[in-house]
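Undergrad: quick check, what structure comes out for this input:
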Amino acid sequence: MATNEGDWTGVANSKPTIDGGTINNAAVGGTTPAAGAFTTLTASGATTLNGTVALGNATTDTIGFYGTTKITQRSGAVQGTSLVGTASSTDIDTATKAAIIEIMNTLAAIGIWKGSA
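TA: Next up is the predicted model:
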């Protein structure tokens, strides 16, 4: 099959193969959505992610929210044990306090918790 470059406006093709170039000002999957795989995806404006959404699939992936610097998954000894569930509501010991501070620091670092006034 010959390769034909140029303007294909109004040309019908039920199974096109696009292996280069750009698609500008056109909805892709607007009528019949299907799966897509991308190395980089940038979205602007209102964006909706439906279904199961995963952010990162490795501890080395970086994630940030609200314009914060993207960071890798935090790690620390305080995260190794669930301390909060074992403390009574009136007993905030050093380990429980450390766990709460780590949660606050993690949420602030990725931009979900503001962390300051």
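Undergrad: need the contact list for the residue nearest the centre of the chain.
TA: The structure's the chain has its C-alpha centroid closest to residue 55; by C-alpha atoms, centre = their mean the separation is 3.9 Å. By C-beta atoms under 8 Å, 6 or more residues apart in numbering, the residues touching residue 55 are 61, 63. The C-beta positions use only the backbone N, C-alpha and C, and glycine is treated the same way.
Undergrad: now do the same for it: helix, strand or coil?
TA: At residue 55 the chain is in coil, as set by DSSP: H, G, I helix; E, B strand; the rest coil.
Undergrad: so how far is residue 62 from it?
TA: 10 Å (C-beta to C-beta, to the nearest Å).
Undergrad: again with residue 15
TA: For residue 15 relative to residue 62 (C-beta to C-beta), the value is 37 Å.
Undergrad: higher neighbour count, those two?
TA: Ranked by neighbour count (other C-beta atoms under 10 Å), residue 15 and residue 62 place residue 62 first, with 12 against 4.
Undergrad: for the more buried one, what are its contacts?
TA: With C-beta under 8 Å, 6+ apart, residue 62 has these contacts: 56, 70-72.
Undergrad: between those, which sits nearest residue 109?
TA: Distances from residue 109 to the contacts of residue 62, taken as C-beta to C-beta, are shortest for residue 71 (5.5 Å).
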